[in-house]
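**Student:** Mind folding the following:
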Amino acid sequence: MTAPRILTALPVYNEARHLRPVLNEVARHCREILVVNDGSTDGTAEIVDSIPGLRVVHHPVNRGYGAGIRSAFDYAQEHRFDALVTIDCDGQHQPSLIPALASAVFDDPAGPVDIVSGSRYLQAFAGDSAPPEARRRINVRINALLKERLALELTDSFCGFKAYRVASLSQLDVTEFGYAQPLQFWVQVVARKLRVREFPVPLIYLDEERSFGGSLDDANRRYAYYLEVFDREFERWFPEGFPARTSEPIATEGVRRV
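**Tutor:** As a prediction, the model looks like this:
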């Protein structure tokens, strides 16, 4: 059997100070790397263009985190990769986990998994950070919302460290380009009946004051924005309401890592 082709994608915006060390570490664990430069103005574009063999997509202007994810999805499909791993460029994800995360897409005896979603709360690790309280509180509330409205059980709604089966990506339509992209994503995952597993990853926060931009730095406004996107997407896919439950909530299978 031919080994699956794996692409690791990093959506970046003004990450010049982190970029080279993160890319060097990612390259130790994945041969094919894509950087989606989302209109950076700090020298990021010049750095990525100078690295031989690096795959690069440039957005002429900053469009948002979700736009970077959308470009990664499109690229993985156009170039016929089997699995796509997304990882942030701020040093808060461990590139050494890329092979295991990607393997979890294909290694399940029951068949391929569509999304393997990193979770910082599925399993405790020595040295875990204490999450910023406002971010943790919003994550918990969104987890509860997804369980209540979609019967989807997650322990971490917002982790950007994920692996996707590329053959499933055509079923997703990313049109929310801001930080609420995960809310749109999870509604579509449930609507399309895609299979999800959570994968435990360490909880690392290196920059607790990192800005979401403008008014979204206010936790209440950010949460309201998330709810607005969720409600809009829910209405789009479930205009008659979510189907009546006939069983327990949809429990995502947790991959226990030793």
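**Student:** got a pLDDT number for Gln94?
**Tutor:** Looking at Gln94, its pLDDT stands at 87.
**Student:** Count residues in the vicinity of the residue lying closest to it once chain neighbours are set aside, would you?
**Tutor:** Leaving aside its sequence neighbours, Gln94 sits nearest to Pro202 (Cβ to Cβ, 6 or more residues apart in numbering; 6.3 Å). C-beta here means a position set from N, CA and C on the backbone, and glycine is covered the same way. Per other Cβ atoms under 10 Å, the neighbour tally for Pro202 reads 17.
**Student:** Could you look up the SS state of Pro202?
**Tutor:** In three-state terms, and counting by DSSP: H, G, I helix; E, B strand; the rest coil, Pro202 is coil.
**Student:** Now for Ser170, how many residues are close by?
**Tutor:** 10.
**Student:** Please tell me I have it right and it contacts Asp74.
**Tutor:** No: taking contacts as Cβ atoms under 8 Å, Ser170 lies outside contact range of Asp74: 10.1 Å.
**Student:** Look at stretch 77-96 and report the distance between its end residues.
**Tutor:** 24 Å (Cα to Cα, to the nearest Å).
**Student:** before we move on, back to that, check what pLDDT the residue nearest to Gln94 gets.
**Tutor:** At Pro202, pLDDT is 83.
**Student:** can you check Glu208 too?
**Tutor:** 46.
**Student:** Same question for Leu10.
**Tutor:** Reading off the model, Leu10 has pLDDT 97.
**Student:** ok, it touching Cys30?
**Tutor:** No: the pair Leu10 / Cys30 is not scored as a contact, 10.6 Å apart, by Cβ under 8 Å.
**Student:** what about those two, which has more around it?
**Tutor:** Between Leu10 and Cys30, Leu10 has the larger neighbour count (other Cβ under 10 Å), namely 27 against 17.
**Student:** excluding its backbone neighbours, what's nearest that one?
**Tutor:** For Leu10, ignoring the flanking residues on the chain, the nearest one in space by Cβ to Cβ, 6+ apart is Cys89 at 4.7 Å.
**Student:** try Gly68
**Tutor:** Counting by Cβ to Cβ, 6+ apart, the residue nearest Gly68 is Pro11, at 2.7 Å.
**Student:** for Arg28, same thing?
**Tutor:** Pro95 is the one closest to Arg28 (Cβ to Cβ, 6+ apart), at 6.9 Å.
**Student:** Please list all residues in contact with that neighbour.
**Tutor:** 8, 22, 25-26, 28-30, 87 (Cβ atoms under 8 Å, 6 or more residues apart in numbering).
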